[in-house]
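>>> Provide a 3D model corresponding to the input given below.
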Amino acid sequence: MGPSLVLTAMTKADAEFVARLAADERVTAYIGDGHTWSHEYTAHRVDHALLNAGICWYIARRQNSPVGLFTATERPAATEIGYRIDPEFWGQVLAKSLVGEGLATLQAEGRSALIARVDSANIASLKVLKRHGFIAQAKEGPGLITLTRAMPAEPIPASGG
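Got it, this is the predicted structure:
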């Protein structure tokens, strides 16, 4: 198993951590248009996420220090997930743990239909998502792959045999 992570709902106090991730081109290379975000734009996105019930951003912490961000955005047919890891912690199996914790949180909230959009060049992210049961469904434009995953709305009880 990977390192122990705790996911907590993002607060305004986490804005600087999010801004640091959003300003790092290593982190943003495979996210959205691949560009970094300005401090002002990041502040706008953080405020939007905090005020919108359909957007949930979670900060991943290890030993009380922020190491990543997990996002969940309600779309018409499913919840779209995303994540970012602080490059200081790359190579420590955190993505697998972060996605696992994020999926457990979403399942506990009753969210069952999930999607993720990943740049086809982001092999590591594709592997993490596939290990968590996501299946490639479609290619959107140049290099973007949409993956889906369905989770039971409630844990399936063990059969009593």
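>>> tell me which residues of the longest strand anywhere in the chain come out buried.
Assignment by DSSP state E gives strand 65-74 as the longest strand of the chain. By neighbour count on 16 or more other C-beta atoms under 10 Å, the buried set for strand 65-74 is 66-73. No exception for glycine: its C-beta is placed from N, CA and C like everyone else's.
>>> likewise stretch 139-153?
Neighbour counts over stretch 139-153 (16+ other C-beta under 10 Å) mark 145-149, 151 as buried.
>>> in contact with the closest residue to Gly143 other than its chain neighbours: list those residues for me.
The shortest distance from Gly143 to any non-neighbouring residue, by C-beta to C-beta, 6 or more residues apart in numbering, is to Ser120 (4.5 Å). Contacts for Ser120 (C-beta atoms under 8 Å, 6 or more residues apart in numbering) come out as 126, 139, 143-145.
>>> looking at those residues, which are in helices?
Leu126 (DSSP state H).
>>> now, among the contacts of Ser120, which is nearest to Ala19?
Nearest to Ala19, judged by C-beta to C-beta, of these is Leu144 at 25.2 Å.
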